Structure formats: structure tokens, C-alpha cells
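> The sequence isn't on hand, but the structure is:
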């Protein structure tokens, strides 16, 4: 019988119990070519925390995804090798196992694909290829035997594909459900939400139009829809160059032909993946689970608090040529803003395990 290990924010690992820590979540799909085992998960955990897999030996996956910060780093944008700063906020890894695409622009289609990316990013791990990772593993006193136990391979056969399979297996255990909202909504225990949070849920689903993107289904809620939207955040960084960008693209030119900074190119969002002009400035809907633990917010980390997030949507975002039609002034009262924040605080997963 296949065993899954579950992580709930702030505690260690434990097996599923009658407390049902996954209340409110859909069934977890695991690739047939990378089934979960306890040994593989533990190997992935070790690899996730190993800073030797970077250009200056200072950065691991855990550098941007701290277990005590709901697998974020509490920074506007993350720090990489040699003190470099990234262009996008580090999203939580919790519940990423349920997503159809990974990264804020959706450029990876699986956790295995996602795990490959940061190693070769010049700002993050800063490696030119994967050879250093394999060399570190082969020369380590414990890794070769662990890879043999997990994958049944000799030391000489260890490859980057095995590394990312193990990391992805660990990440598939980073799951959080059974929040007060889940107990209220799916568990039908209406004592679990405060009156303010319950009002916030109604605003969330109706006047606020929040559930349009942060979906709640009849039997589960990831609080995201695996879709991409331009909500106006950060668009001012490319607004002055927009006419030149569109003109260049429409006449057969490339983004590389323009004098754009790395930060401006990052703001193109989904366009960098699809090449479609209509996707300029679009980013993936983030989950709202554990949202009270993962400040700052937005793809660039530019919003410091949930109160500021509500204010941003209330005013209708920062208008631009590509802003989504669902972004418009909401005219919340002060109490409605308070209630929405209280509801989002109720989305923090339970930490009670047996």
C-alpha cells in the first residue's frame, strides 16, 4: 500500500490520521514513473536543503522556501547567489503538488520540471550545468547508498533526472488542508468561523468576485484556478515601453531586439512562455491557502499585508491596456474589508496531527 507523508505548516511529518488533515483538498495525483516511497521522500528532503548545489555553495531550494515561513522566504523578491536579487516573489511550495503548471508564468508542467529550473538560473543557484550537482552527490559519504536504495542504481548511473524525482516526491508531501474554513464549509461545522469570517466568505463569493479566480468547488478548494490574469500589478514597469514592444512583435521582431531590463522582461509574465501579445502581464493565480503566513504578496512582492491586498482590489487595480475585465472597483465598506481579511486568516491549515 502506497504511503503518503503530509506536511502541515509549522510541524514535522506524520502519516494520515483520522483528523483528516487533507479535508478540503482534491485527490493527489502522482506520476506513474515517480511513485512515492518513504526513502525517496527523505532523499528529496535532504536534496531540497543541500546548499552545495549552487555556484557559491550558499543557496538551496530551502533558501527561498523555509519550512517555518510556510515554504516562502518573507522577502519581496528572493536572494540568490552572491547576494543577487530575483525579480519575482517566491511562492509557497505548499499544495504545489495539485497545480497544472509551476512558476508564476507557468513555464513548468510538473514538479519534476520545476525542480530543474532554479539550478541553472544565474540569479538563483547560478550553475552553468548539472555536473556539479552530480559530482557532489557521487562524492558524498551517504548520497550514493541512498540513491541505490531508492532507485536501484549504481553511483555511476546517478543522473539529474533522479535528483529532481526525489525533490518532487518530497514536495508532494507539502500539503495543507483542514483549515477552519474547511471544517466550516466541507465539514459542516458552522461553529468554526467567527461571524466576521463567515461574512467575509459571503463577500468573497459574491460582491468581491474573489472566487472567480480563487475557486471553491463543492468538495474541495485549492483557492486558485490554474489560470493566468493581468491584474495590473507591476505593469507600470513596462508601460512606457509597451507601444515599442507591441510594434516590434507585430512586425516580426523579438523581445531581445528591445533594450529591456531583466526586471522589465520578467513583467511580461505569461507572454515569455506563449509568445502571445494578449498574454503580456499575465501571471498565475496564487493559492490563498495559508495566505496569512506568506506575506508579502503579488508576483513582485510589492504588497505587504492582506489589508493592502483588499485595498488594491477594492480600487480596481492599476489600469493598463491588458488588465483583466474582472478587475474593477468593488466599493467595499470598512467592515467588509475587515471581514474579508478575517476570512482569509481562516484559510491557514491545521497543525494538529497524531
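Perfect, thanks for sending it. Keep in mind that what you see is a predicted model, and the values were worked out from it rather than measured.
> domain assignment for this structure?
Residue ranges for the domains of the chain, per automatic domain parsing: 29-171, 236-280.
> Go through those domains and pick out the most buried.
The highest mean neighbour count among the domains of the chain, using mean count of other Cβ atoms under 10 Å, belongs to domain 29-171: a mean of 18. Glycine gets a C-beta too; all of them are placed from N, C-alpha and C.
> on that earlier part again, among the domains of the chain, which comes closest to residue 222?
Comparison of those against residue 222 by Cβ to Cβ identifies domain 29-171 as nearest, at 5.6 Å.
> tell me the residue furthest from the middle of this structure?
Distance from the C-alpha centroid of the chain peaks at residue 251, with 35.2 Å (Cα atoms, centre = their mean).
> distance of that residue from residue 326?
Distance, residue 251 to residue 326, using Cβ to Cβ, to the nearest Å: 31 Å.
> thinking residue 235 is in contact with residue 268, fair?
No. Counting by Cβ atoms under 8 Å, residue 235 stays clear of residue 268, with 10.0 Å between them.
> any common contacting residues for those two?
Here residue 235 and residue 268 have residue 281 as joint contacts, going by Cβ atoms under 8 Å, 6 or more residues apart in numbering.
> still on that earlier bit, quick one: the domains of the chain as TSV, columns for distance to residue 347 and mean pLDDT too.
Formatted as TSV, the domains of the chain follow (distance: least, Cβ to Cβ, whole Å; pLDDT from 0 to 100):
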stretch	distance to residue 347	mean pLDDT
domain 29-171	11	97
domain 236-280	25	96
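> For residue 340, find the nearest of those.
Distance to residue 340, taken as Cβ to Cβ, is lowest for domain 29-171 among those, at 19.8 Å.
> chain center to that closest one: distance?
Chain-centre distance of domain 29-171: 14 Å, with Cα atoms, centre = their mean, to the nearest Å.
> ok, and what's touching stretch 177-186?
With Cβ under 8 Å, 6+ apart as the test, stretch 177-186 has contacts from 8, 19-25, 189-193, 197-198, 201, 216, 219-221, 289, 343, 346-350.
> and the end-to-end length of it?
Across stretch 177-186, the terminal residues are separated by 11 Å (Cα to Cα, to the nearest Å).
> ditto for stretch 227-246
End-to-end distance for stretch 227-246: 23 Å, by Cα to Cα.
> distance between it and the chain's centre?
Using Cα atoms, centre = their mean, the offset of stretch 227-246 from its chain centre is 21 Å.
> if we can go back for a sec, dump the domains of the chain to JSON lines, plus distance to residue 308.
Formatted as JSON lines, the domains of the chain follow (distance: least, Cβ to Cβ, whole Å):
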{"stretch": "domain 29-171", "distance to residue 308": "13"}
{"stretch": "domain 236-280", "distance to residue 308": "17"}
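> mind listing the strands in the stretch 101-250 of the chain by residue range?
228-229 (DSSP state E, counting those that start in this stretch).
> what are the ranges of the helices in it?
111-120, 131-139, 143-151, 160-171, 180-185, 195-205, 236-239, 242-250 (DSSP state H, counting those that start in this stretch).
> okay if I get those helices as CSV plus distance to residue 211?
Shown next, in CSV, are the helices of the stretch 101-250 of the chain (distance: least, Cβ to Cβ, whole Å):
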stretch, distance to residue 211
helix 111-120, 26
helix 131-139, 41
helix 143-151, 41
helix 160-171, 27
helix 180-185, 12
helix 195-205, 5
helix 236-239, 28
helix 242-250, 31
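> Out of those, which is closest to residue 315?
Of all the helices of the stretch 101-250 of the chain, helix 236-239 comes closest under Cβ to Cβ, at 14.7 Å.
> Mind giving me the packing neighbours of the closest one?
Contacts defined by 3 or more Cβ pairs under 8 Å, 6 or more residues apart in numbering; DSSP states H and E place helix 236-239 against helix 262-266.
> right, and the helices of the stretch 101-250 of the chain - which one's nearest residue 226?
Judging the helices of the stretch 101-250 of the chain by Cβ to Cβ, what sits closest to residue 226 is helix 111-120, at 14.1 Å.
> so the closest one versus helix 160-171, what angle?
Inter-element angle recorded for helix 111-120 and helix 160-171: 110 degrees (by axes from the mean of the first three to the mean of the last three Cα atoms, to 10 degrees).
> What lies in contact with helix 111-120?
By Cβ under 8 Å, 6+ apart, the residues outside helix 111-120 that reach it are 31, 34, 53-54, 61, 64, 96-97, 102-103, 107-108, 124-125, 127-130, 133, 160-161, 163-165, 167-168, 171-172.
> do the same with stretch 319-330
207-209, 212-213, 229-232, 235, 239, 242, 278, 280-282, 313-317.
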